[in-house]
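coords please:
(one chain, ligands or ions: 1)
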Amino acid sequence: MSGCPLQRISLTAHHGTCGKQGALKKETLTKRIESFVNWANREAEMHGLPDQTIPEDPHGPIRMGRFRRTLAWHIARRPGGLIALAIQYGHMRTVLDARTSSGYGSRGRRGIHAILDVETALVAADTAARLRDRAAAGEKISGPAARRALTAAAHAPRFEGRLVPRTFAKKASAFLARDGIVLYDNPDAFLICAFKHDNALCEPEPGATAPRQYDCRPGCGNTVRTDAHARQLRERADQLDQFAAHAPGPVSRRLRANAHRLRETAATHDSTAHPAEALT
Ligand code: SF4
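Model (predicted):
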């Protein structure tokens with residue numbers, strides 16, 4: 001199936017014969033989610049992908065409350081991916097996260113804000129756990145925020161399971177507000193961002209508690225890399241060289257230049273990285 005399937009659900013009403021437009025009502029959205037599920041299942045069947053069908057849910061049909069969590073999952077875990085909508089979600093996070101500078105900020109952290117906080121806290125905890133595991137497995141760590149990230153990872157909370165009680169939203173929000181110790185995975189930039197607002201080169205809004213990962217800039221003081229990131233950088237560089245071999249002149253040159261830049265970043269990691277014991 002091509003593209004992000006969430007594109008199938010439009011959240012605004014189309015111009016109808018009665019001329020009405022604007023946000024959809026809950027009932028209409030529920031129907032659209034239902035038809036999205038039917039569409040996804042039909043597509044999966046058509047393309048011979050039975051494992052990608054959406055199974056019957058023992059808890060009943062998916063309504064907006066639960067769908068919001070899916071949306072939050074994408075915002076939290078797709079910081080600036082190759083899918084166009086992921087970039088849109090990245091922008092959405094900026095709007096949602098500008099607690100003090102936008103109209104949203106003046107409202108309480110309820111609804112999508114709370115769900116987004118929960119998903120972001122879960123993914124930050126996963127990132128911290130992965131960093132701990134990699135360090136324990138002997139991987140070296142580089143980057144100006146390496147020491148801070150290791151300390152943060154050692155103290156990050158573990159969230160077992162994925163069923164979160166209502167009260168968790170407050171805890172998640174408090175956890176995310178601690179500047180400098182929340183770790184954001186940024187797979188598109190091959191790094192972990194140990195987000196500290198004052199260091200951030202991606203120019204987050206004043207008061208924002210999350211980076212603008214889709215606009216990650218080289219040389220930022222919040223950057224952390226492990227040996228795994230260096231490997232991924234080289235793999236991506238090889239991939240770009242393969243694309244370059246089949247691309248016309250100027251595109252090919254740009255791809256090769258990008259591949260070169262990625263290899264240089266990997267080499268910088270190799271020459272500056274230290275084992276965790278040397279950093280803590
Ligand atoms: S520019 Fe810095 S703060 Fe922004 S996403 Fe990249 S590493 Fe994080």
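
which parts of the protein sit against the ligand?
186, 193, 195, 200-202, 211, 213, 216-217, 220, 222-223 (CB under 6 Å from any ligand atom). Quick note: C-beta positions are derived from backbone N, CA and C, even for glycine.

at 8 Å instead, please
By CB under 8 Å from any ligand atom, the residues of the chain that approach the ligand are 79, 145, 184, 186, 189, 191, 193-196, 199-202, 204, 211-213, 215-217, 220-223.

now restrict the residues you listed to buried residues only.
79, 145, 184, 186, 189, 191, 193-196, 199-202, 204, 211-213, 215-216, 220, 222-223 (16 or more other CB atoms under 10 Å).

for the stretch 51-200 of the chain, give me the ranges with low pLDDT.
By pLDDT under 70, the weakly predicted segments of the stretch 51-200 of the chain are 78-112, 158-166.

and the strands in it, which stretches?
Here the stretch 51-200 of the chain has its strands, by DSSP state E, counting those that start in this stretch, at 140-142, 182-186, 191-195.

which of these sits closest to residue 67?
strand 182-186 (23.7 Å; CB to CB).

what is the closest one packed up against?
helix 112-136, helix 146-155, strand 191-195 (3 or more CB pairs under 8 Å, 6 or more residues apart in numbering; DSSP states H and E).

domains in this structure, by residue range?
Domain assignment for the chain by automatic domain parsing gives 1-15+22-42, 70-280.

tabulate these in CSV, adding columns for distance to residue 50.
As requested, those are exported to CSV (distance: least, CB to CB, whole Å):
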stretch, distance to residue 50
domain 1-15+22-42, 10
domain 70-280, 21
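
most packed of those?
With neighbours taken as mean count of other CB atoms under 10 Å, the domains of the chain reach their highest mean count in domain 70-280, at a mean of 18.

gap between it and the chain center?
Its chain's C-alpha centre and that of domain 70-280 lie 7 Å apart, by CA atoms, centre = their mean, to the nearest Å.

would you map the helices across the stretch 1-150 of the chain?
26-46, 64-77, 84-97, 112-136, 146-155 (DSSP state H, counting those that start in this stretch).

out of those, nearest to residue 169?
helix 112-136 (3.9 Å).

which strands and helices sit next to the closest one?
helix 64-77, helix 84-97, strand 140-142, helix 146-155, helix 168-176, strand 182-186, strand 223-226.

could you list the residues in contact with the fourth one?
Looking back up the chat, that one is helix 146-155. 128-129, 131-132, 135, 141, 143, 180-183, 192, 194, 196, 224, 273-274, 276, 279-280 (CB atoms under 8 Å, 6 or more residues apart in numbering).

picking that back up, right, so of the strands of the stretch 51-200 of the chain, which gets closest to residue 156?
Using CB to CB, the nearest of the strands of the stretch 51-200 of the chain to residue 156 is strand 182-186, at 7.1 Å.

I'm done for today, thanks for sticking with me.
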